[in-house]
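> Let me see the structure of the following:
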Amino acid sequence: MQRTAGNWRIRAASVALLGALGCQGGNTSGGSPAGSAAPAGSAAPAAASASAAASAQAAAAPAISLTSEAVLKVTNPKRQAPYSGPTGTLKGRVTIKGDPPPDTGLSFPTGKCGEAAATYGRLFRVGQQNAVADALVTVVNYSGHVPEREEAEKVTIHGCAFSTRTVAMTFGQRLEVANLDPLEPYMPNLEGAPFMAVLVAMPQGEAVKFFPPQPGYYHLVDKMPKPFLKSEVFVLKFATHDVTGLDGQFEIKNIPVGKVLTAALLPAIDQDVKKEIEIKEGDNTLDFELNFDLEKHNEKKNKAKPSP
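Residues are numbered from 1 along each chain as shown. Below you'll find the model as predicted:
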């Protein structure tokens, strides 16, 4: 899938925001990822494809995990013991006001891609009572090291749509992409990360695994191809983050008590809201509201386009 220089500039701005929140580095150059991709038309029958994909995946998987030395140098450079003091949970809702999201102008196959239009047909997804989906919520600036508890961040594909348009994961986690469809295969690929082959996500088969090599911004796409099928992936240096669903809700656990900086970012419109809050032991509530002005959005997008 081709991306314009303007899109990369906008996403670089998102990464810069996350840099201020503790996520630096990553792929923002727009260059081609390392490795080579097998053409979609060369996919073998189901059993052979599954076997080949498993072999290629085993060969391609780097030695990276939450406990890898290279990961710990980034996520816990002071080698602090896991924080064991009082903690709080931050819950809340992200909403959006202003203009409704415009149509993306994308076309979707009929029949087998039932969820694609609902997921990608508009610039961003809005639920009931102005709830906004796919917003990245982060908490930083606390004292102590909060380790990631889950080895993998999981995404599913169904009806030609990823389960989320924004993925947040901690550096050292692997990304697992599973196909829930009964018949349709996919070829997910994490653009910006090295790969040796494009792996096949077989119908209701094992998840395809990706190992982002450093913190930063990536793009999860499908190589079949379905150009609309994509999700923006943010690999962060810290574990205190969440992404909203269609209800706009988020929940972030194990936050050390004290003053922290929070932020909600909607990548589709490159807009964020930041708030400081005092985290107390137990449950804490904080809501965010974004504002979408279509005219200003179009002006910003036009400015980001490269000169002819």
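
> Strands along the stretch 201-308 of the chain, start to end?
Assigned by DSSP state E, counting those that start in this stretch, the stretch 201-308 of the chain shows strands spanning 208-210, 216-222, 230-236, 241-243, 249-256, 258-266, 271-279, 282-285, 288-292.

> Number of residues surrounding the closest residue to Leu72 other than its chain neighbours?
Leaving aside its chain neighbours, Leu72 sits nearest to Arg79 (7.2 Å; criterion: Cβ to Cβ, 6 or more residues apart in numbering). Bear in mind the C-beta positions are built from the backbone N, C-alpha and C, glycine included. Residue crowding around Arg79 was assessed by other Cβ atoms under 10 Å; the count is 8.

> would you list the strands of the stretch 201-308 of the chain in CSV and tack on mean neighbour count and distance to Leu183?
Converted to CSV, these look like this (neighbours: other Cβ atoms under 10 Å; distance: least, Cβ to Cβ, whole Å):
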stretch, mean neighbour count, distance to Leu183
strand 208-210, 23, 17
strand 216-222, 22, 16
strand 230-236, 24, 22
strand 241-243, 21, 28
strand 249-256, 19, 32
strand 258-266, 21, 33
strand 271-279, 16, 38
strand 282-285, 13, 43
strand 288-292, 18, 37
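
> Tabulate the ones you listed (a markdown table), appending distance to Thr104 and mean pLDDT.
A markdown table is the format used below for the strands of the stretch 201-308 of the chain (distance: least, Cβ to Cβ, whole Å; pLDDT from 0 to 100):
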| stretch | distance to Thr104 | mean pLDDT |
| --- | --- | --- |
| strand 208-210 | 25 | 94 |
| strand 216-222 | 16 | 96 |
| strand 230-236 | 11 | 98 |
| strand 241-243 | 20 | 98 |
| strand 249-256 | 25 | 98 |
| strand 258-266 | 15 | 98 |
| strand 271-279 | 17 | 97 |
| strand 282-285 | 33 | 98 |
| strand 288-292 | 14 | 98 |
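
> of the ones you listed, which approaches Tyr83 most closely?
With Cβ to Cβ as the measure, strand 249-256 is the member of the strands of the stretch 201-308 of the chain nearest Tyr83 (5.3 Å).

> Can you give the distance from the closest one to the centre of its chain?
Computed by Cα atoms, centre = their mean, to the nearest Å, the separation of strand 249-256 from the middle of its chain amounts to 17 Å.

> Relative to Pro185, which of the strands of the stretch 201-308 of the chain is closest?
Of the strands of the stretch 201-308 of the chain, the one closest to Pro185 (Cβ to Cβ) turns out to be strand 216-222, at 10.0 Å.

> Contacts only, for Ile252.
By Cβ atoms under 8 Å, 6 or more residues apart in numbering, the contact list for Ile252 reads Thr89, Leu90, Lys91, Val137, Val139, Thr240, His241, Asp242.

> And the buried ones among those, selectable in PyMOL?
With 16 or more other Cβ atoms under 10 Å as the criterion, this PyMOL line picks the buried residues out of the contacts of Ile252:
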select buried, resi 90+91+137+139+240+241+242
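
> which among the contacts of Ile252 gets closest to Ser163?
Ser163 has its nearest neighbour among the contacts of Ile252 in Asp242, at 14.2 Å by Cβ to Cβ.

> Give me the residues contacting stretch 260-276.
When contacts are defined by Cβ under 8 Å, 6+ apart, stretch 260-276 is touched by residues 10-11, 13-14, 17-18, 21, 90, 94, 96, 101, 123-124, 132, 134-142, 165-166, 232, 234, 259, 277-279, 286, 288-292, 297, 300.

> Any idea how far it is from the middle of the chain?
Taking mean C-alpha positions (Cα atoms, centre = their mean), stretch 260-276 and its chain are 15 Å apart.

> All the helices of the stretch 101-250 of the chain, residue numbers only.
116-120 (DSSP state H, counting those that start in this stretch).

> residue ranges with poor pLDDT in it?
The model of the stretch 101-250 of the chain has pLDDT under 70 over residues 196.

> switch the cut-off to 80
Residues of the stretch 101-250 of the chain meeting the criterion pLDDT under 80: 194-198, 225.

> got the strands of the stretch 201-308 of the chain as TSV, with distance to Leu180 columns?
Written out in TSV, the entries for the strands of the stretch 201-308 of the chain read as follows (distance: least, Cβ to Cβ, whole Å):
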stretch	distance to Leu180
strand 208-210	13
strand 216-222	14
strand 230-236	15
strand 241-243	19
strand 249-256	22
strand 258-266	26
strand 271-279	31
strand 282-285	32
strand 288-292	30
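
> Glu191 is nearest to which of those?
For these, the distance to Glu191 is smallest for strand 216-222, at 4.2 Å, taking Cβ to Cβ.

> now for the closest one, which elements pack on it?
Contacts defined by 3 or more Cβ pairs under 8 Å, 6 or more residues apart in numbering; DSSP states H and E place strand 216-222 against helix 5-20, strand 188-191, strand 230-236.
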